[in-house]
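Engineer: sequence unavailable; structure follows:
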């Protein structure tokens, strides 16, 4: 069952407490969530299947879907059902505690019980949502696409500082869409509460026709805070400065996931932001296909701010200057990785960043890089990077302007990642996975490493210098590179 009592922050188990959501419902019926948890302790452990809070008159929760005494191995995920059962004064309860010694973490909430949108938008209808005060700040509680359209119109009419929370998934049904903040940058707080916005289709001026002169994203320009939202099924065709979240950004974007769809344009194109003027991107994931003429990056086309704890997937295609994470970097990139495949027709393609004249630390790239003229496993030009790596076996590139070349086997070893924080930032399954970011969804390419690459083949896979296959493992590995010679 689904209720209005929805998580307002990503819940996490720490050593001795768990936060399911910031406030509990004042209702007599129970609320059910399906949540994936991970054992982040140093040993195998058992999850309590029933716990009553320290004030037993307030609330209790049950964890089901596993046996009461089932052991969950270290760094293993399990999907369980959490039933929160309110009782007396449950609306006043906060921060539900778990028993001492429990060391598990929730993965990002999956909205299993409300995947369907509450309203199919007709492309024009609008209605004002209810406003409520939360912690001394007013938020409009958006529950459907009509109310979302009202929010867009308000911002584009000059009310750029209004705050919004999404209480349901929003389906735009691929109707023609006008970006938020077309006249002035958005300066409010947009909290998606881990809900999704799907079916964003943007063509010039709200009509479904291609145009090559316009900048766009869900937000045209953001100088506020955008957080906790999933954006799916993106279809944007525009000009310069294009990102699924924002065309331009000088604010904060946190815990945003973009999956599915495509962006096509001219230059300064990114999966999250087209042009990172300033500000910060943190804990974001981009997994969609990007196609542009110049300066195309999996997270951002151009970065003058800070990008941290984020990663990209999907395919990147550019005539020139295409990169897995960021095309041009004049800012800071920390604790990021890319599994994006990059293809450029003419110049400068790179697994992570084409050119960096800023700071890059503790990053890696494993995507395939294919170029017409030149290309690099990690970076193509600029400053040296710090403690950052690429894998020749996977990128198919034997060189990089900076960074260190590592083998598949080396990246399966925590000791390879020099001065990386495996306490609070990164995790690894020793000998089985590459490093991945704590508390974030892990791509299959990181967890399910093809160890057939452990025996490197001679050659580069080109017509002029084909791979030399000498054993069965090397032959089996060709399935991952079917266009190789």
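Structural biologist: Sure thing, it's come through. In this text the structure is predicted, and so the values were computed from the model without any measurement.

Engineer: contact partners for residue 161?
Structural biologist: Residue 161 makes contact with 187, 188, 224, according to CB atoms under 8 Å, 6 or more residues apart in numbering. From N, CA and C alone the C-beta is placed, and that goes for glycine too.

Engineer: if we use 7 Å, what do you get?
Structural biologist: 187, 188 (CB atoms under 7 Å, 6 or more residues apart in numbering).

Engineer: and it, that's in a helix?
Structural biologist: No. Looking at residue 161 with DSSP: H, G, I helix; E, B strand; the rest coil, it is coil, so not inside a helix.

Engineer: what about it, distance to residue 482?
Structural biologist: Using CB to CB, to the nearest Å, residue 161 is found at 52 Å from residue 482.

Engineer: go on, residue 354?
Structural biologist: Distance of residue 354 to residue 482, given as CB to CB: 26 Å.

Engineer: what's the answer for residue 476, then?
Structural biologist: 12 Å.

Engineer: one more: residue 221?
Structural biologist: According to CB to CB, residue 221 and residue 482 sit 42 Å apart.

Engineer: got it, and residue 432?
Structural biologist: 25 Å.

Engineer: looking at the two, which one has more neighbours?
Structural biologist: Counted by other CB atoms under 10 Å, residue 432 and residue 482 do not tie: residue 432 has more neighbours, with 12 against 6.

Engineer: biggest helix in this structure by residues?
Structural biologist: Among the segments of the chain that qualify as a helix by DSSP state H, the longest is helix 145-156.

Engineer: partner residues bridging residue 222?
Structural biologist: Here residue 222 shows beta-bridge partners residue 186, residue 249, assigned using DSSP bridges.

Engineer: list the contacts for it?
Structural biologist: By CB under 7 Å, 6+ apart, residue 222 lies in contact with 181, 185, 186, 246, 249, 251.

Engineer: give me the below-cutoff pLDDT ranges for the stretch 301-450 of the chain.
Structural biologist: Residues of the stretch 301-450 of the chain meeting the criterion pLDDT under 70: 372-376, 395-401, 450.

Engineer: just the helices in it please.
Structural biologist: Counting by DSSP state H, counting those that start in this stretch, the stretch 301-450 of the chain has helices at residues 392-395, 408-411, 444-447.

Engineer: for those, which one ends up most surrounded?
Structural biologist: Among the helices of the stretch 301-450 of the chain, helix 392-395 has the highest mean neighbour count (mean count of other CB atoms under 10 Å), at a mean of 24.

Engineer: secondary structure element holding residue 476?
Structural biologist: Per DSSP states H and E: residue 476 is located in helix 472-477.

Engineer: that helix: which residues count as buried?
Structural biologist: Across helix 472-477, burial judged by 16 or more other CB atoms under 10 Å covers 474, 477.

Engineer: that helix - what's its average pLDDT?
Structural biologist: What helix 472-477 shows for mean pLDDT is 74.

Engineer: from the contact counts, what lies against that helix?
Structural biologist: Using 3 or more CB pairs under 7 Å, 6 or more residues apart in numbering; DSSP states H and E as the contact criterion, no helix or strand is in contact with helix 472-477.

Engineer: from start to finish, how long is stretch 331-349 in a straight line?
Structural biologist: Counting by CA to CA, to the nearest Å, you get 19 Å between the two ends of stretch 331-349.
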